[in-house]
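Chemist: Coordinates for the following, if possible.
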Amino acid sequence: MTTNLTQSQRQPTHLVLALRACAGAFGLVFVYSCGYNLFLLAPSVYLLQIYDRVLSSRSADTLVMLTLIIAAAVVVGSALDIVRRAALSRIGSWLDHRLRPMVLTASFEYAARADTGTATDCYRDLASLRQFLDSPASALLFDVPWAPVFLLLLFMVHPLLGAIGLVSAVSLLLLALLTEFATREPLAHANFALARSYSKFATALKYIQVIRSMGMQDGAAQIVYRDAELARKAQDSAMHRTEIILAFSKSIRTLTQILVMGAATWLVLEANSSPGIIFVASLLLGRGLAPVEGAIGAWRSFAFARNAFNRLNRMLIAVQSGTDARIVPVPESSGLVLDNVGYKLPFKEKNLLEGVNLRLAPGDCVALIGASGSGKSTLGRIMAGVLQPTNGCALLGGVDISALRLCGGAGHIGYLPQDIELFGGAIRDVIGRLDGGDASKAIEAAKLVGLHDTIMRLPQGYDTDIGDGGALLLRAQRQQLGLARAAYGNPSLVVLDDPNSSLDFDGERVLFNAIERMKARRMTVVIITHRMGLLPVTNKIAIMRNGTVDAFGDSDHIYDTYLQPPSPAGTQG
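Modeler: From the prediction side, this is the model:
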């Protein structure tokens, strides 16, 4: 297992592969950048030629031709800059188009396995990478390698001028590194606090009705604001440090410009150099220091893009197994097998489940009962493929349920969670699990659970919008709709967690009939319940205690042996 995981982590992620596929495009951008930076020498050449040719010959024709040539060079250089920026933008768009589905899938998987907040941040990171490629900061990366070239040309003009430029460039580079070290910690704190604030804000919005009803708005706002304020203070700290370093860099830049112009003037006076070197040296120094100085100002963009890449790549590595497009067939003649299933939360010593063994045939209906905290819902999530057991295995038709889901076979499983979570707009899409398939299958599922007539009485029938998370429905209606979704496609296994918690007498009768129809279609049905009213529809009962199955067998036997209330004591006459 460890070896396989290591080999999986060594494989390049989709993000790395996509960037490798863009190598040729980035190479073309580099070529455009080379041309752009070469044409930036045009003003320096123009000034030298004016002093060396035009002023000495006093030829207006030479001046006109020289001006036209340099103007054409400047226009071509500007065009190359526009083209390379457009190319970077197209690369960002292509990466977004190629990676978005994969990142979405990986974010969902990571949210289910680990942390929804991190998954949300990683999904945003893809947009952050595209924004970076669209920004001037990305083009600046292709200009930085040209800084030594311009400084070398400054050395060729005169070693003294080159030495001044080199010292200034090294000083600016050290300031850039200082910016990285000075802002790394506060930016990390800011990102963490901001993500926590967004997470709490989303949670508050989810429970806004409860918060409003009990007058908790101010308290909830204060909790969200507290983390946002921590993020703001950390961002302000990073910004202030950057501003101080930028002030030093501008001072160094200005001082260097003065020194170079003064040194060039001294060379004209003492070494009889051409007066044109004053302007040429100034222009070369500006071109040599501009990328380094720009890197200081854009350092936050670089750091943000780098962190976004690393965070997104780590998430993709964590879910490296991905999904397989193949559908794994589940034999109709086999059912559900739990073999020594155990589950333990990360960083916890005590197991929530330990040594659970069950065997259910197609058409069996088992009730999982037990006290709160006995592990019923956790076991239900393992059966539904939501959780992967820490040890042992859960098999459906001889196939590991976790592998079944990863291979695209989740349609073999239906699940109604305790907290009913409905996603999608129209009832047809909610029941149909957003597969965009034949609407007749959604109608069949609704009829199976006795919901079809109720839906048809709605003004728009199956096209009725249920609102965000089913906000426009009553809880009992959401529960029935979730039951129809669980039964969609005639799955081999249906796991129902407390399915009658919101149902009245008529609703329970409809639920009874629905479970009977599922059994008739040879679906294996698992009911997690606290209420004994559903026991008559089952043919097996499993009693859970302290994370293990304490008793399992036929319903009548288990009920009579463990659940039958004691007879009232006789009275003595």
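Chemist: Excluding chain neighbours, give the residue nearest to Leu503 in space.
Modeler: Nearest residue to Leu503, sequence neighbours excluded (CB to CB, 6 or more residues apart in numbering): Ala476, at 5.7 Å. In short, each C-beta sits where N, CA and C put it, glycine included.
Chemist: ah, wrong one, I meant Pro362
Modeler: Arg522 (4.1 Å).
Chemist: quick one on the thing from earlier: neighbours around the residue nearest to Leu503, how many?
Modeler: Ala476: 16 surrounding residues under other CB atoms under 10 Å.
Chemist: pLDDT value on it, please?
Modeler: Note on Ala476: pLDDT of 76.
Chemist: contacting residues for it?
Modeler: Neighbour list for Ala476: 502-504, 507 [criterion: CB atoms under 8 Å, 6 or more residues apart in numbering].
Chemist: sec struct for it, please.
Modeler: Following DSSP: H, G, I helix; E, B strand; the rest coil, Ala476 is assigned to helix.
Chemist: any idea how far it lies from Glu180?
Modeler: 57 Å (CB to CB, to the nearest Å).
Chemist: likewise Thr242?
Modeler: If you go by CB to CB, the gap between Thr242 and Glu180 works out to 10 Å.
Chemist: Please identify which of the two sits among more neighbours.
Modeler: Taking neighbours as other CB under 10 Å, Thr242 and Glu180 compare with Thr242 leading, 18 against 14.
Chemist: correct me, but the more buried one touches Leu178?
Modeler: No - when contacts are counted by CB atoms under 8 Å, Thr242 is not listed as touching Leu178 (10.0 Å).
Chemist: Extract the residue ranges of the stretch 51-200 of the chain that are flagged as low pLDDT.
Modeler: 113-115 (pLDDT under 70).
Chemist: Apologies, that question was intended for the stretch 201-350 of the chain.
Modeler: Ranges of the stretch 201-350 of the chain meeting pLDDT under 70: 209, 213, 297, 320-334, 346-347.
Chemist: The stretch 351-500 of the chain too?
Modeler: 405-409, 424, 436-438, 468-472.
Chemist: Can you show me the strands along it?
Modeler: 353-360, 365-370, 391-396, 399-400, 413-416, 493-497 (DSSP state E, counting those that start in this stretch).
Chemist: partners of the shortest one in the sheet?
Modeler: It stands for strand 399-400. Its sheet considered, strand 399-400 pairs with strand 391-396 (antiparallel) by DSSP bridges.
Chemist: what does the strand it pairs with contact?
Modeler: Residues from elsewhere that reach strand 391-396, judged by CB under 8 Å, 6+ apart: 330, 334-342, 355-356, 382-383, 400-402, 404, 412-413, 492-493.
Chemist: tell me which residues in stretch 342-353 are buried?
Modeler: Residues of stretch 342-353 classed as buried by neighbour count (16 or more other CB atoms under 10 Å): 342-344, 351-353.
Chemist: correction: stretch 353-370
Modeler: Result for stretch 353-370 [16+ other CB under 10 Å]: buried residues 353-354, 356, 358, 360, 362, 364-370.
Chemist: First-to-last residue distance for it?
Modeler: One end of stretch 353-370 sits 13 Å from the other (CA to CA, to the nearest Å).
Chemist: Just the ones in helices from the contacts of Ala476, please.
Modeler: Residues of those located in helices (DSSP state H): Gly507.
Chemist: Buried ones from the contacts of Ala476, can you make that a ChimeraX selection?
Modeler: Restricted to buried positions by 16+ other CB under 10 Å, the ChimeraX selection for the contacts of Ala476 reads:
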select :503,507
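Chemist: from the contacts of Ala476, which two are the most distant?
Modeler: Ser502 and Asp504 (8.6 Å; CB to CB).
Chemist: quick one: contacts for His452?
Modeler: Residues near His452 by CB under 8 Å, 6+ apart: 443, 446.
Chemist: picking that back up, and for Thr242 and Glu180, which residues touch both?
Modeler: With CB under 8 Å, 6+ apart, Thr242 and Glu180 have common neighbours Trp299.
Chemist: Pick the one among the contacts of Ala476 closest to Tyr123.
Modeler: The closest of the contacts of Ala476 to Tyr123 turns out to be Ser502 (CB to CB; 32.5 Å).
Chemist: Distance of that closest one relative to Leu483?
Modeler: Ser502 is 11 Å from Leu483, by CB to CB.
Chemist: repeat for Gln222
Modeler: For Gln222, the distance to Leu483 - CB to CB - is 40 Å.
Chemist: Neighbour count: those two, which is higher?
Modeler: Higher neighbour count among Gln222 and Leu483: Leu483, with 30 against 11, using other CB under 10 Å.
Chemist: from what I can see that one touches Pro417, true?
Modeler: No - taking CB under 8 Å as the definition, Leu483 is not a contact partner of Pro417, at 11.3 Å.
Chemist: Show me which pair in the buried residues of stretch 353-370 is furthest apart.
Modeler: Glu354 and Pro362 (27.4 Å).
Chemist: excluding its backbone neighbours, what's nearest Ala308?
Modeler: Closest to Ala308 by CB to CB, 6+ apart is Asp125, at 3.8 Å.
Chemist: Which helix or which strand is home to that neighbour?
Modeler: Using DSSP states H and E, Asp125 sits in helix 116-134.
Chemist: who touches that helix?
Modeler: 88-89, 91-93, 95-96, 99-100, 103-104, 106-108, 110-111, 138, 191, 195-196, 198-199, 301, 304-305, 308-309, 311-312, 315.
Chemist: quick revisit: now the residue nearest to Pro362. Its backbone dihedrals?
Modeler: Here is the backbone geometry of Arg522 (degrees, to the nearest 10): phi 60, psi 30.
Chemist: Look up how far Ser492 lies from it.
Modeler: 8 Å.
Chemist: These two - which one has more neighbours?
Modeler: Ser492 (24 against 15).
Chemist: my guess is that one contacts Pro362, does it?
Modeler: Yes - at 7.2 Å, Ser492 counts as touching Pro362 under the criterion of CB under 8 Å.
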